[in-house]
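1. What shape does this take:
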Amino acid sequence: MPLTASLVTHSMTLPGVFEQVPESGVIDPPLWTLRYETVCYVLLALFALVGVLATRFRATLTLAVILGLYAFVTFATSWRTDIGAIDSATRFVLDFFLGGAFYLFADKIRLDLRVVLVLGVAAVAT
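-> Prediction:
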């Protein structure tokens with residue numbers, strides 16, 4: 001855990017610990033995402049400091065840029081398949097800021113059981 005706590009590097013195993021469980025030596029995989037979460041909070045702070053989150057319009061543009069960068073990395077490069085850290089970082093950063101957008105636009109998002117059912121069927125189908 002000391003390496004994971006440093007947020008610089010990580011090891012997904014604890015040698016000699018939990019050797020008799022289905023995933024021998026691996027414990028609590030969500031802990032290994034802490035460095036990506038830290039990156040997201042640092043980005044959030046930087047974005048807030050420079051003012052790109054000051055209004056809904058600016059926040060929407062910022063999310064569009066993040067989505068564009070995600071699409072570029074995913075479809076125009078092989079970085080996500082070649083480098084695991086880039087794969088994780090792109091997914092976590094996009095998800096983090098999408099969550100922020102849902103919070104920001106919570107008053108505009110309508111909950112509708114029909115939409116939930118359609119999305120549920122689509123999720124099961126895919």
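2. do you know how far F97 is from L63?
-> As judged by CB to CB, to the nearest Å, F97 and L63 stand 6 Å apart. (Each C-beta comes from the backbone N, C-alpha and C, glycine too.)
3. ditto for D82
-> 26 Å.
4. between these two, who's got more neighbours?
-> Neighbours were counted for D82 and for L63 using other CB atoms under 10 Å; L63 has more, 18 against 9.
5. got the contact list for the more buried one?
-> 97-98, 100-101 (CB atoms under 8 Å, 6 or more residues apart in numbering).
6. quick one: secondary structure of it?
-> helix (DSSP: H, G, I helix; E, B strand; the rest coil).
7. Against V115, how distant is it?
-> Counting by CB to CB, the gap from L63 to V115 is 21 Å.
8. do the same with A89
-> Taking CB to CB, one finds A89 at 30 Å from V115.
9. Show me which of these two is the more surrounded one.
-> In this view A89 and V115 are compared by other CB under 10 Å, and A89 has more residues nearby, 18 against 10.
10. pretty sure that one is touching Y36, no?
-> Yes. Judged on CB atoms under 8 Å, A89 makes contact with Y36 at a distance of 5.8 Å.
11. pLDDT (mean, whole number) over stretch 37-49?
-> Averaging pLDDT along stretch 37-49 gives 94.
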